[in-house]
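here's my sequence, what's the structure:
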Amino acid sequence: MAEVPPNLTWERAAPPEATGSGPWIEIAFGEGGDGDAPVYIRETSAPDNIVTTNRRKWDAFVLGVQAGEFDHFVEGIEEAEDAASPPLHSS
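Now for the predicted structure:
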């Protein structure tokens, strides 16, 4: 397993209005400016479990998300969350 640098700056992938500890995904970019530069990914609930990829693969993933290539993975999630939430009542 590759050594993970101790001084990474982790960026949390959470909505701006999000509060609490998540769990959220966090990303950190390693040194280097080419496609082989490391990218580290972890979840806030298990910060010692870190997945490593490279910048070329990360950029391809981000472009795929932006293009909607993974939308089928989240179909119906919003409706399921709405159904599970208790109704809000105003007084």
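
pretty sure T44 contacts G20?
No. Assessed by CB atoms under 8 Å, T44 is found out of contact with G20, at 9.5 Å. Heads up, the C-betas are built off the backbone N, CA and C, glycines and all.

pick out whichever of those two has more residues nearby.
T44 (15 against 8; other CB atoms under 10 Å).

how far away is that one from G35?
For T44, the distance to G35 (CB to CB, to the nearest Å) stands at 27 Å.

is A13 in a bridge, and if so with what?
Note on A13: beta-bridge partners by DSSP bridges are I25.

surely it touches I27?
Yes. Look at A13 against I27 with CB under 8 Å: they come within range, at 6.5 Å.

where does pLDDT dip in the protein?
Within the chain, the set of residues satisfying pLDDT under 70 comprises 1-2, 79-91.

so which residues of the chain form strands?
Using DSSP state E, the strands of the chain run over 11-13, 25-29, 38-43, 46-54.

closest one to V65 among those strands?
Minimum separation from V65 across those (CB to CB) falls at strand 11-13, 10.6 Å.

what's near enough to touch the spatially most central residue of the chain?
Note on the chain: the residue nearest the mean C-alpha position is I25, at 3.5 Å, using CA atoms, centre = their mean. If you count contacts by CB atoms under 8 Å, 6 or more residues apart in numbering, I25 has them with R12, A13, I41, R42, E43, T44.

roughly how far does it sit from E17?
Going from I25 to E17 by CB to CB gives 17 Å.

how about Q66?
Counting by CB to CB - Q66 and E17 are separated by 22 Å.

next, the contact list for E78, please.
If a contact means CB under 8 Å, 6+ apart, then E78 has no contacts.

can you tell me which helix in the protein is longest?
helix 55-66 (DSSP state H).

just give the nearest non-adjacent residue to I41, would you?
Leaving aside its sequence neighbours, I41 sits nearest to V51 (CB to CB, 6 or more residues apart in numbering; 4.6 Å).

count of residues packed around the one you found?
There are 9 residues near V51, going by other CB under 10 Å.

again, but for Y40
19.

wouldn't it be in contact with I50 here?
Yes. Shown here, Y40 and I50 form a contact pair, counting by CB under 8 Å, at 5.3 Å.
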